[in-house]
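S.K.: give me coordinates for this.
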Amino acid sequence: MAIVRFLVCLAAVVLASSGPGFGQEAPSPGNTNTPINPFDPNAPPDGPKTNLIAPGDPIFGGSGVPVPYEEWEQRQNADERLTAFGTDILGDGIDPHTGSIVFTHTDVSLPGNSALPVTLTRKRAQGYHYHWSEKQEFGDWQYVVPRITVTSMEPWVGNRCSNSFAQNFPVQPTSTSQPGVLQVFTQATRQQYSQGLIMDVPGQQGQHILEAPASDKFPANATHATSSNFYLYCGSASDGGEGFIAVGPNGDTYRFDRYISRRALNYGTIGGGYNALLERSVEILAATEVTDVHGNWVRYDYDTQ
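M.R.: Presented below is the predicted three-dimensional model:
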């Protein structure tokens, strides 16, 4: 008799579990809140699009909020839209030439019909860009515009492109003396008084310009190149000397032809005694035009100062 009662109870449990859930109503044929699992391969393709979750639905948490298929796809594919953090995660970056921290800030950004940026952006780095007597740009901030910059002991004029680095930036004599002590003459090489030619392009880290690229991937007229596969050839500048035309890997062309010269901090040596401080200057070739492969362009104009 006990066995019969156990079988009857077991049958009742099975029947109860196969019906509607505890506290739930059985969905009627006209109920539009019928739970549908969008991941079910047997779900009808033309089923409800805006009311997929019924109140108390055990699959989706029972929120009862209508969620379209598209929203589920966006939520489920969120990991595909994630990208790795870059070098400017908190708005700061590292200048690869000096190792200093660089902050950038965009004040004005105008949308255009191409990927070329039309912005007023400034950056702040450690140290002095120019001599402290110079009042230029945004105070101790710099404009972020395409430019080629070099620190030199002599004006960077004439054959800037066709001459070699050794011709444009020769070894400079210097001297060290103390009162009553014989003057000692030494030499300052271009590696000591300069960081070399550095090309700055918005959206990228500064990059050194290298001379005489020996590679088949550059055209025959290329006189210089960078490690990021920019190549440069000779053009003309605003002062009558040579300028540079740079072409990026994506085909963007930069015309560096606006010559600007600013006083830099003097060059000297660290140590005791009286050191001869040699004057240096920051020589700049700023871009006046950037053109992409489709003919879209951005032009830069500069005042006389």
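
S.K.: for the chain, which element, helix or strand, carries the lowest mean pLDDT?
M.R.: None of the helices or strands of the chain scores lower by mean pLDDT, DSSP states H and E than helix 2-18, at a mean of 42.

S.K.: I figured Gly241 hits Gly158, correct?
M.R.: Yes - Gly241 is within contact range of Gly158, at 5.0 Å (criterion: CB atoms under 8 Å). Where you see a C-beta, it was placed from the backbone N, CA and C, and this is true even at glycine.

S.K.: which parts of the stretch 151-300 of the chain are strands?
M.R.: Remark: strands assigned in the stretch 151-300 of the chain by DSSP state E, counting those that start in this stretch are 172-177, 184-188, 198-200, 207-208, 210-211, 224-225, 231-236, 242-247, 253-263, 274-275, 281-291, 297-299.

S.K.: make JSON lines from the ones you listed and add distance to Gly139 and mean pLDDT to it.
M.R.: Formatted as JSON lines, the strands of the stretch 151-300 of the chain follow (distance: least, CB to CB, whole Å; pLDDT from 0 to 100):
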{"stretch": "strand 172-177", "distance to Gly139": "30", "mean pLDDT": "65"}
{"stretch": "strand 184-188", "distance to Gly139": "30", "mean pLDDT": "66"}
{"stretch": "strand 198-200", "distance to Gly139": "18", "mean pLDDT": "92"}
{"stretch": "strand 207-208", "distance to Gly139": "26", "mean pLDDT": "90"}
{"stretch": "strand 210-211", "distance to Gly139": "33", "mean pLDDT": "92"}
{"stretch": "strand 224-225", "distance to Gly139": "32", "mean pLDDT": "96"}
{"stretch": "strand 231-236", "distance to Gly139": "31", "mean pLDDT": "96"}
{"stretch": "strand 242-247", "distance to Gly139": "28", "mean pLDDT": "97"}
{"stretch": "strand 253-263", "distance to Gly139": "14", "mean pLDDT": "94"}
{"stretch": "strand 274-275", "distance to Gly139": "29", "mean pLDDT": "48"}
{"stretch": "strand 281-291", "distance to Gly139": "16", "mean pLDDT": "95"}
{"stretch": "strand 297-299", "distance to Gly139": "25", "mean pLDDT": "95"}
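
S.K.: now Phe103: which helix or strand?
M.R.: strand 101-109 (DSSP states H and E).

S.K.: quick one: contacts of the very next helix or strand once past that strand?
M.R.: Next along the chain after strand 101-109, taking DSSP H and E as the criterion, comes strand 119-125. Strand 119-125 is contacted by residues 95, 98, 100-110, 137-138, 140-144, 202 when judged by CB atoms under 8 Å, 6 or more residues apart in numbering.

S.K.: show the buried residues in these.
M.R.: For the contacts of strand 119-125, a burial check counting by 16 or more other CB atoms under 10 Å picks out 95, 102, 104, 141-142, 144, 202.

S.K.: Asn266: which of the residues you listed is nearest?
M.R.: Closest approach between the buried ones among the contacts of strand 119-125 and Asn266, by CB to CB: Gln142, at 20.5 Å.

S.K.: how much space is there between the closest one and Ile245?
M.R.: For Gln142, the distance to Ile245 equals 23 Å [CB to CB, to the nearest Å].
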